[in-house]
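Q: compute the structure for the input listed below.
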Amino acid sequence: MSQPTNSAQPTNSAPRPRTTSTTPTRTTHDPSRTIRAPRGTTITAKSWQTEAPKRMLMNNLDPEVAERPEDLVVYGGTGRAARSWEAYDAIVRTLDELEDDETLLVQSGKPVGVLRTHEWAPRVLLANSNLVGDWANWEHFRELEAEGLMMYGQMTAGSWIYIATQGILQGTYETFGAVADKRFGGTLAGTLTVTAGCGGMGGAQPLSVTLNGGACLIIDVNESCLRRRRSKRYLDEVETDLDAALAKVLAAKAERRPLSVGLVGNAAEVLPALLDRPESAQVDIVTDQTSAHDPLSYLPVGVSLDDWHEEAAQDSEKFTLRAQESMAGHVRAMVEFQDRGAEVFDYGNSIRDEARTAGYDRAFAFPGFVPAYIRPLFCEGMGPFRWVALSGDPQDIAVTDAALKDLFPDNEHLHTWLDAANEFVEFEGLPARICWLGYKERHQAGLLFNRLVAEGKVSAPIVIGRDHLDSGSVASPYRETEEMADGSDAVADWPLLNALVNTSSGATWVSLHHGGGVGMGRSIHAGQVSVADGTDLAARKLERLLTNDPGMGVLRHVDAGYDRAREVAQERGAWVPSDPTLDQLRP
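A: Down below sits the predicted model:
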């Protein structure tokens, strides 16, 4: 195995011989498998607390949801739900047999044990892609992955709470709304956004722009990705010619009409070409959400779509260098758009650092989206709160939407989002919804949903989770924790504490991952999921969990010195022993 290149070599780091005689079969590609979560109220597990993680694992691999389900890949190029098909089958089999005082341990997509715990403990604990610091790089990870010892869990792929493109939609919508507020008078009407990457995450961009009133040109190398987003109404039109695409989006801009057009092409070529055209002056906003976090998932200039994966597999080091060189050209064009007056930001895929690695010295000339637009929300414990109807019945989501509007009658922004989601979002896999709620709000929603189950107003339990991209659950210096006020961008204690707190607060499953969103070596993040099954025990767990989890975001930002976080802590009763004014429970 390769050794870390940035430190002295440990004394016990010599490669060890592998024992292969007892290695189980490991299948990572099986096109014969089609997975779809069960619907209805008949369960095969011993309770809804274990039926729920099983259905959500299956939902991650539903062909409507996953990018390459035959490879167990959910999104983000290589983000998997399980390490192998044999591991997947073992997880499902175990969840069906698990008791309500037992906990399944999953190590990078492989079930490695069941332990007797208690009914408040999580039914599943997952750890994905975690490597010791000196070894936390793509090279070492890929060696382990090739030997069947690890998988890349991304954020919500390996934690079984991915809900397809809708899962990132509201966060993207919130971001473009913040751009509109900051620069364009509260609306994107009359503006043109140019971006790239229309896969499972980036595919939320065109609808997010049009919901904010703007025109959007989105570039992707894979026409099938664009067609898929169009079929789900996230994208309005697809073009293969730059002239035709520009004519459509510029006409929409002039008419202040929302419109999104997908262009088949490589952004590393299209963006520099666009700079040389007079239409470049009409570009108002530039961002990107290609799979730049993993150079093998970014198509370099000069490599065809058909040859992409073969060339990456044949010589990953050479392919990485070519991809980074193309990313440098891509980022250089983004910086030049900023120099000409466009609003330019990184949406969190690490493309700036890849461009810097390739030698482009202005790669960080534009900001990440969190310090630019989202951090004030994080200071309030705001973040992506998502829920899924385990019944499979869309009516259950309609009931929860209406109930949530009644719960927060004065939150016009929330009402606008829920109405837009109801009109424009087509469910993929199990019906689901997402909205942003904060500290001392999320637990109210959780208790509400539990009552709806108990009273029979929805037909089956509701799963409640969130993205790992949240206010207190991640350390990611190129994204969520970029430019923290106290310089604590890379302090990873916070997501570790978040996972420990959620494990102690009644979550049904808890996950702790490395590298999601921005790539190996660049992030540590935690996730939690709970089940509103209508029981009194679930209500007690939900109240505790959905108060403590977003509360971690407030505490994290209080500690970093944000005044708004201190205001929220004081208003909502957070106890911070290190701050004399917030040591509210001191005798």
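
Q: the longest strand belonging to the chain pairs with which strands, parallel or anti?
A: Criterion DSSP state E: the longest strand present in the chain is strand 524-532. Strand 524-532 pairs in its sheet with strand 462-466 (antiparallel), strand 474-475 (antiparallel), strand 509-514 (antiparallel), by DSSP bridges.

Q: so which of the ones you listed is nearest residue 195?
A: With CB to CB as the criterion, residue 195 lies closest to strand 474-475 of the strands paired with strand 524-532, at 22.8 Å. For the C-beta atoms, the positions are set from N, CA and C on the backbone; glycine is no exception.

Q: who touches that closest one?
A: Strand 474-475 has contacts (CB atoms under 8 Å, 6 or more residues apart in numbering) with 468, 480-481, 489-495, 523-526.

Q: let's see it at 10 Å
A: Residues outside strand 474-475 that contact it (CB atoms under 10 Å, 6 or more residues apart in numbering): 155, 370, 383, 467-468, 480-481, 484, 488-496, 498, 513, 516-518, 522-527, 553, 556.

Q: show the buried residues in those residues.
A: 155, 370, 383, 467-468, 480-481, 484, 488-489, 491-492, 494-495, 498, 513, 516-518, 522-527, 553, 556 (16 or more other CB atoms under 10 Å).

Q: could you find the closest non-adjacent residue to residue 408?
A: Nearest non-adjacent residue to residue 408, counting by CB to CB, 6 or more residues apart in numbering: residue 414, 5.6 Å away.

Q: would you put the C-alpha positions of the one helix or strand the one you found maps to in CSV?
A: Element membership of residue 414, judged by DSSP states H and E, is helix 412-424. Extracted C-alpha coordinates of helix 412-424, given in CSV (Å, rounded to 0.1, in the frame of the first residue of the first chain):
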residue,chain,number,x,y,z
GLU,A,412,-44.2,32.9,4.3
HIS,A,413,-40.9,31.7,2.9
LEU,A,414,-41.7,28.2,4.0
HIS,A,415,-45.2,28.4,2.5
THR,A,416,-43.8,29.6,-0.8
TRP,A,417,-41.4,26.8,-1.0
LEU,A,418,-43.9,24.1,-0.1
ASP,A,419,-46.4,25.4,-2.7
ALA,A,420,-43.6,25.5,-5.3
ALA,A,421,-42.5,22.0,-4.5
ASN,A,422,-46.0,20.7,-4.7
GLU,A,423,-46.4,22.2,-8.2
PHE,A,424,-43.0,21.5,-9.7
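
Q: the helix or strand immediately after it in the chain: partners in the sheet, and parallel or antiparallel?
A: Reading on from helix 412-424 to the C-terminus, the next helix or strand found by DSSP H and E is strand 432-437. Counting by DSSP bridges, the strands paired with strand 432-437 are strand 383-389 (antiparallel).

Q: what comes up buried for stretch 361-377?
A: Within stretch 361-377, the residues that count as buried by 16+ other CB under 10 Å are 362-375, 377.

Q: likewise stretch 455-472?
A: Using 16+ other CB under 10 Å as the test for burial, stretch 455-472 gives 458-472.

Q: residue 310 should be in a helix, yeah?
A: Yes - assessed with DSSP: H, G, I helix; E, B strand; the rest coil, residue 310 lies in a helix.

Q: count of residues packed around it?
A: 9 (other CB atoms under 10 Å).

Q: mind listing what residue 72 touches?
A: Residue 72 touches 27-30, 33, 35, 60-61, 66, 78-85, 87-88, 109, 151, 157-158, counting by CB under 10 Å, 6+ apart.

Q: report the rounded mean pLDDT for the longest strand of the chain.
A: Across strand 524-532, pLDDT averages out at 98.

Q: mean confidence for whichever helix or strand comes after that strand?
A: Per DSSP H and E, the first helix or strand lying C-terminal to strand 524-532 is helix 536-559. Mean per-residue pLDDT for helix 536-559: 98.

Q: which SSE is residue 91 in?
A: Using DSSP H and E, residue 91 falls in helix 85-97.

Q: could you pull out the helices for the stretch 301-450 of the chain?
A: Secondary structure of the stretch 301-450 of the chain (DSSP state H, counting those that start in this stretch): helices located at 308-314, 316-339, 351-357, 369, 375-378, 394-407, 412-424, 442-454.

Q: show me what the third one is packed against.
A: Put plainly, it is helix 351-357. helix 316-339 (3 or more CB pairs under 10 Å, 6 or more residues apart in numbering; DSSP states H and E).

Q: same check, this time on the shortest one
A: Contacting helix 369 under the criterion 3+ CB pairs under 10 Å, 6+ apart are the following elements: helix 166-183.

Q: partners of the very next helix or strand once past the helix it packs on, with directions?
A: Following helix 166-183 in sequence order, the next helix or strand is strand 192-196 (DSSP H and E). With DSSP bridges as the test, strand 192-196 is paired with strand 215-220 (parallel), strand 285-286 (parallel).

Q: good, we can wrap up now.
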